[in-house]
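> Give me a model of this one.
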Amino acid sequence: MAQRAPERSTPLDEQLCFALYAASRAMTGYYRPLLDTIGLTYPQYLVMLVLWERGDTTVSGIGQALQLETGTLSPLLQRLEALGFVRRTRQLDDQRSVLVALTPAGHVLEQDVVSTQKQVGLATGLGRAESAALRELLHGLAGRLRSAAG
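All right, here's what the predicted structure looks like:
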């Protein structure tokens, strides 16, 4: 009787997780020098995107938008405040809640980011429709994985 060969793991280059990891590293790596010129790290940039989109937002609201814990956000917000881009204030009606607001310098910074976003968009080589389709696919994947994880 012939013995079956043991099953082998899927090779690295065929792993969806690795393709996503490599693409994420390439994207943030491309952003890094562009954001350096305006004084932001990539995680700080993401926080600023939330504030430019939503306006004044609680720390927990930023955390929900970015899928980050408050403990991870606190040092980012402290640094953004030290840079003069945001200000944090405790809510009068709930001292546990902290509201994050853009300063005038934080508002002005948005204009610097527009050209950065355009450069990144061009570097991907994706058209608008392709970019939108990929985003939709990735958001769907993330949602299904979060649901499966419980």
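> Any idea how many residues pack against residue 81?
Neighbour count for residue 81, taken as other CB atoms under 10 Å: 15. Yep, even glycine has a C-beta here, placed from its N, CA and C like the rest.
> for the chain, which spans come out with low pLDDT?
By pLDDT under 70, the weakly predicted segments of the chain are 1, 95.
> Not counting sequence-adjacent ones, nearest residue to the residue nearest the centre of the chain?
Using CA atoms, centre = their mean, the residue of the chain that lies closest to the mean C-alpha position is residue 46, 4.7 Å off. For residue 46, ignoring the flanking residues on the chain, the nearest one in space by CB to CB, 6 or more residues apart in numbering is residue 66 at 5.6 Å.
> Please enumerate the strands of this protein.
Chain-ordered strands for the chain, with DSSP state E as the definition, fall at 57-58, 86-90, 98-102.
> And for residue 31, the neighbour number?
Burial of residue 31 is recorded as 19 neighbouring residues (other CB under 10 Å).
> Could you pull up the residues touching it?
With contacts taken as CB atoms under 8 Å, 6 or more residues apart in numbering, residue 31 has the following neighbours: 42, 45, 116, 120.
> mind running it again at 10 Å?
Contacts for residue 31 were tallied using CB atoms under 10 Å, 6 or more residues apart in numbering; they are 40, 41, 42, 45, 116, 117, 119, 120, 123.
> Quickly name whichever of the residues you listed is closest to residue 131.
Comparing these against residue 131 with CB to CB places residue 120 closest, at 10.4 Å.
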